[in-house]
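Enquirer: whatever this is, show me its structure:
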Amino acid sequence: MTLTNDSFTDGFYDSVGTLESLQKSAIAYLFSDPRLQIVKLNDQEYMDCQIAYRSQQNEQEMMLEATLKAIDDKMSSQ
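Expert: Numbers count the residues shown, from 1 in each chain. A predicted model of the protein is given here:
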């Protein structure tokens, strides 16, 4: 069996097409869920959400950095 560049790209584009189809299905399913409510945030609520999201991201980054530093310290002491 001989593989050509075309066979690789064909498989890639098939996967991408499938992924896009799955994403569209998931979005359609979410929008059709009667339990969901779409709300409109005012500017202050939006900013509060952005600050909370960024704080959470910063906390995760700080935890990762502390973990990596502890690993480095442990490795250097051995």
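Enquirer: any idea which residue sits dead centre in the protein?
Expert: For the chain, the residue nearest the mean C-alpha position is Q57 (12.3 Å; Cα atoms, centre = their mean).
Enquirer: that residue: helix or strand, and which one exactly?
Expert: Using DSSP states H and E, Q57 sits in helix 43-77.
Enquirer: quick check, pLDDT for the residue nearest to the centre of the chain.
Expert: Q57 is assigned a predicted lDDT (pLDDT) of 87.
Enquirer: specify the residue ranges that define each domain of the protein.
Expert: According to automatic domain parsing, the chain comprises the domains 1-37, 39-78.
Enquirer: worst average pLDDT in those domains?
Expert: domain 1-37 has the lowest average pLDDT among the domains of the chain, namely a mean of 68.
Enquirer: does K40 count as helix, strand or coil?
Expert: Classification of K40 by DSSP: H, G, I helix; E, B strand; the rest coil places it in coil.
Enquirer: going forward can the numbers begin at 17, since that is how I track them
Expert: In the new numbering, first residue 17, that becomes K56.
Enquirer: that one: neighbour count?
Expert: By other Cβ atoms under 10 Å, 6 other residues sit near K56. Just so you know, the C-beta spots here come from the backbone N, C-alpha and C atoms, and that holds for glycine as well.
Enquirer: kindly report the same for the one 4 residues further on.
Expert: The burial metric for Q60, expressed as a neighbour count using other Cβ under 10 Å, is 8.
Enquirer: from M79, how far off is it?
Expert: Using Cβ to Cβ, to the nearest Å, Q60 is found at 29 Å from M79.
Enquirer: go on, D59?
Expert: On the measure of Cβ to Cβ, D59 and M79 end up 31 Å apart.
Enquirer: just Q73 next, same as before
Expert: In terms of Cβ to Cβ, Q73 sits 11 Å off from M79.
Enquirer: next: K56.
Expert: To M79, K56 is 34 Å away according to Cβ to Cβ.
Enquirer: how about Q39?
Expert: Counting by Cβ to Cβ, the gap from Q39 to M79 is 30 Å.
Enquirer: check Y62 too.
Expert: Y62 is 26 Å from M79, by Cβ to Cβ.
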